[in-house]
Each structure stands twice: as structure tokens, then as C-alpha cells.
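In: 3D model of this:
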Amino acid sequence: MEKGDGELSRMDDVSNRTKINQEWARFLEGTDPLLRLGRSIFRHLPSPPRCKLCNAPFSGPFTPLMRAIGKRPWNRNPQLCQFCATWLMRRGPGGAEITLTLLFADVRGSTSLAEKMSPDQFSQLIGRFFHAATHAFAQRGAIVDQLVGDEAIGLFLPAYAGPFHARRAIEAARILLRATGHGTSHAPQIPVGIGVHTGLTFVGSVGSAEAFTDFTAVGDSVNTTARLASEARAGEILVSHATHREARLDSTHLECRSLALKGKAEPVEVWVVSGEPRFR
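Out: Numbering: from 1, shown residues only. Take a look at the predicted model:
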């Protein structure tokens, strides 16, 4: 029996989506041949800052050429060039499930802080927090997923943060705490709590072909990281067991907590990092 036009169309849609998702996977894992070629070429051109995906320079003598071919900072995330950020999205919504490390950082007690400040003062405080978070993410090869409200989210993708993405996320968390005044004899300039978790996550564009919502990460790993950040006290980095194992974090002198996280059937074991992390 011949297949009807509707069934053939659905099969074509499934085949096309599978192909797009495979391209996303190669892109995000750093195995796409064109991406690897571009990274190899662009890294020799001056000068930083660069696109986190393809190494295209955003400044220097080649800036006019880069802009002419779409290699300019993307308005939704200036760590990516517009070409890289929209290349796969132009093919339609898609993405891939990959193992990566996520970092969620929250300003603790932001409601109380806002009550004690003028709106302008609070805005400046959050601005300093976002600046510190962006700098910490950039230092350790993360992509800024969101800077919203009182929260900063970084994605440590294997292709760009490297095979030690879990370790780099913990290091970035510590850089952020130092930048906001933690670890000194004085009260922190900005009270920050951080959650770090490693797991399988869907990364891609979410929405319709006409209006994707964003380049983002979704899934249980994202929710778990958010819950960890909400449980972290000011000056604490709560590291999940998965990240602890992946990063080979030395937990000899670290506190271990068992947390009952919202939406989790079983308690979640975390390690508390408040000083300089050590790795095995």
C-alpha cells in the first residue's frame, strides 16, 4: 500500500529534524568539520575578544572583513558571532542532547537588598554582579546563557570549555565569588550563592521556525542546577555528585550535604566549596 502525502510529509519532517539535530550535536561537541576549520584559521587572526564558537576576532585589523561575513557580536549574546548563533537556527528549531556542566549564580537576599536601596542603586549592584559573572564565565570558556533578574547562568560546553568543563565551571564559580568580595574578612560586596551540576542537557533553539525563543538549555539538569543555586548560602558553591566525579574534585576537607530538592524523589548529595578548590 502506498503511503499518503500526509504520511510522507511527516516522514520528511522527522528525517529533516534528525539531520538538523545531528548537525547541532556536531556543532556543540566541536566535531563539525567546518567549525573546526574555522577555529583553526581564525585563531591566527588578531585579536581578542573572539567568538566562543569559531574564534573569529571581534577587534583588530580584520574587523571589517569579519563584519562583512557576519562575524560580528550577536546582540543576544556578545560572546557569539551572529553567523554562528543563527546558522543552525536558520535551518529551523533544533538542538542536541549533550553532557555539559551548568553554573547558576544567585544574588542572595536580593529582595531585602532592593528594599534598602533606591532602584538606581540596586540596578548598579546587579550590573556589577552581571559584569563579574560574565568575566568569570569568559575566563573559563563558558557561554552566557542568561543574565536575568538576580541570576546569571553559564553553559560549559565540552567543545568550548574543553574536556575538563566540570572543573572549569567550579573554577569560574570561585572566580565569581572572589570578584564579589567573598573570602575576605569583610562582608561581601554582593552576596552570591552558586550551584554547579553536570548532566545530559538539551541545548539548542526552542520555538518555531518563524520565531525561536532563544539559544538555550533545557531539561532536568537545568532544573537541578537552579535548585542547587537556590539552596546555596552566600559564599557557597554547591557542587553536585556528578560534577564532583567529573571534575575529580578533592573532597577530603569539604562538607557533604544531602538536600531534599523540590521535584526530586530522592535526596541529592552535594559538596560545599567555599575556599580554593583542589582537584585530584
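In: going forward, measure contacts and count neighbours with C-alpha atoms only.
Out: Fine.
In: Show me which positions of the helix or strand hosting C84 end up buried.
Out: Assessed by DSSP states H and E, C84 sits inside helix 82-87. Buried residues in helix 82-87, counting neighbours by 16 or more other CA atoms under 10 Å, are found at Q82, F83, C84, A85, T86.
In: Include distance to D120 and pLDDT when you put those residues into TSV, please.
Out: Below are those laid out as TSV (distance: CA to CA, whole Å; pLDDT from 0 to 100):
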residue	distance to D120	pLDDT
Q82	32	90
F83	35	90
C84	35	85
A85	33	76
T86	34	77
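In: Quick one: name whatever helix or strand follows the helix holding C84.
Out: strand 94-107.
In: who does that next one touch, helix- and strand-wise?
Out: helix 5-29, strand 151-156, helix 165-179, strand 192-207, helix 220-231 (3 or more CA pairs under 8 Å, 6 or more residues apart in numbering; DSSP states H and E).
In: Okay, angle between the third one and strand 94-107 too, please.
Out: What that stands for is helix 165-179. Per axes from the mean of the first three to the mean of the last three CA atoms, to 10 degrees, the angle that helix 165-179 makes with strand 94-107 is 30 degrees.
In: The shortest one too?
Out: Orientation of strand 151-156 against strand 94-107 (the same axes, to 10 degrees) gives an angle of 140 degrees.
In: who touches the helix holding C84?
Out: L53, C54, I69, G70, K71, R72, P73, W74, N75, F215 (CA atoms under 8 Å, 6 or more residues apart in numbering).
In: I'd say the first one and P158 touch.
Out: No. In terms of CA atoms under 8 Å, L53 does not count as a neighbour of P158; the distance is 11.2 Å.
In: Distance check, Q189 against F130.
Out: Counting by CA to CA, to the nearest Å, the gap from Q189 to F130 is 13 Å.
In: Among the two, which residue is more densely surrounded?
Out: F130 (22 against 14; other CA atoms under 10 Å).
In: and the more buried one, what is it in contact with?
Out: Going by CA under 8 Å, 6+ apart, F130 touches L147, A152.
In: export the helices and strands packed on strand 94-107 to TSV and tack on distance to D120 and mean neighbour count?
Out: Formatted as TSV, the helices and strands packed on strand 94-107 follow (distance: least, CA to CA, whole Å; neighbours: other CA atoms under 10 Å):
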stretch	distance to D120	mean neighbour count
helix 5-29	39	15
strand 151-156	18	25
helix 165-179	21	25
strand 192-207	20	24
helix 220-231	25	21
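In: Comparing these by mean pLDDT, which bottoms out?
Out: When the helices and strands packed on strand 94-107 are compared by mean pLDDT, helix 5-29 comes last with a mean of 74.
In: Isn't K262 up against R227?
Out: Yes. If you go by CA under 8 Å, K262 and R227 touch, sitting 7.3 Å apart.
In: for R174, what are its contacts?
Out: Applying CA under 8 Å, 6+ apart, one finds that R174 lies in contact with I237, S274, G275, E276, P277.
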